[in-house]
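> Quick check, what structure comes out for this input:
(one chain, ligands or ions: 1)
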Amino acid sequence: MAVLSVTDLSVIKRDRLLFENLNFAVEQGSLLYVKGQNGAGKTSMLRVLAGLVDADCGDVYFSQQNIKDCREKYHLNLVYFGHKLGINLTLSAVENLEYWCRQHQVAIGVDTIFDTLAQLNLVGLEEIPVANLSAGQQRRVALARFWFKQDAKVWILDEPFTALDTQGIELLSKQITTFLSAGGAVVMTSHQALRIDYPTDELTLEYRI
Ligand SMILES: Nc1ncnc2c1ncn2[C@@H]1O[C@H](COP(=O)(O)OP(=O)(O)OP(=O)(O)O)[C@@H](O)[C@H]1O
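Model (predicted):
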């Protein structure tokens, strides 16, 4: 069954048509890898898919329902990971994750947060301001949401491997594979070759002048 689908999707930015009449569906347990050169429109498309901005034309459906008609249900079943990490640099990793869990109605205790941060190789860094962590460590804190939201239906990830080291890439790739194997749907971009051992559908956005 299609978890996420789009019909006749078009987006224009500053008088430039990024893409038009896109139609595709992402089934349960499917991975859609969105490719294209810088400026092709990948982030713009992912933001439309996540319901953060409207398309200029066309619609996005979550389980056959227009996301405009089920915004709350969709967002409870979605994890979006964009260029902005959505973490507060003055708060610690634990404080950030507690806040994120409250905001997204995720009922987990502080022990689970510490365990997850340990899996993400952040032992000893849990309670200092995130501003004092390296770029890759800050991204690991933000990535913890993928450990907490295995029960979501859709993950949308925009360049999730940026700034991660080899171990971080492996860790996240495994997490994505586990989610897919359990029936989740994933849409992602990456300028690095995917190291995910899972059947992948590809969509290439051509850069249009
Ligand atoms: N809010 C905005 N206002 C005006 N133009 C925008 C806006 N957002 C994106 N653009 C333009 O839309 C085009 C596509 O941007 P987008 O970020 O979607 O590309 P991308 O394929 O994700 O690129 P990259 O691989 O560099 O991340 C770019 O030319 C950009 O300047």
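> Start and end of stretch 141-148, how far apart?
12 Å (C-alpha to C-alpha, to the nearest Å).
> same question but for stretch 145-159, I mixed them up
Stretch 145-159 stretches 15 Å from its first residue to its last (C-alpha to C-alpha).
> check whether it contacts the ligand.
No - using C-beta under 6 Å from any ligand atom, stretch 145-159 never reaches the ligand; the gap is at least 6.6 Å. Every residue, glycine included, has its C-beta placed from N, CA and C.
> For Leu22, list each beta-bridge partner.
Taking DSSP bridges as the rule, Leu22 bridges to Leu9.
> number of nearby residues for it?
20 (other C-beta atoms under 10 Å).
> close enough to count as contact, it and Asp8?
Yes - judged on C-beta atoms under 8 Å, Leu22 makes contact with Asp8 at a distance of 7.5 Å.
> what's the helix or strand for Phe146?
Assigned by DSSP states H and E, Phe146 falls within helix 145-148.
> tell me which parts of the protein are close to the ligand?
13-14, 18, 36, 38-44.
> What are the buried residues along stretch 66-84?
Buried residues in stretch 66-84, counted by 16 or more other C-beta atoms under 10 Å: 67, 70, 74-75, 77-82.
> end to end, how far does it reach?
Note: stretch 66-84 ends 26 Å apart using C-alpha to C-alpha.
> and if you look at stretch 97-111?
12 Å.
> so how far is it from its chain's centroid?
On the basis of C-alpha atoms, centre = their mean, to the nearest Å, stretch 97-111 is displaced by 18 Å from the centre of the chain it belongs to.
> Among the buried residues of stretch 66-84, which ones are in strands?
Using DSSP state E, the subset of those located in strands is 78-81.
> a markdown table for those, including pLDDT?
Listed next are those as a markdown table, based on pLDDT from 0 to 100:
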| residue | pLDDT |
| --- | --- |
| Leu78 | 96 |
| Val79 | 95 |
| Tyr80 | 95 |
| Phe81 | 94 |
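> Closest one of these to Ala193?
Within those, the smallest distance to Ala193 is 18.9 Å, found for Phe81 (C-beta to C-beta).
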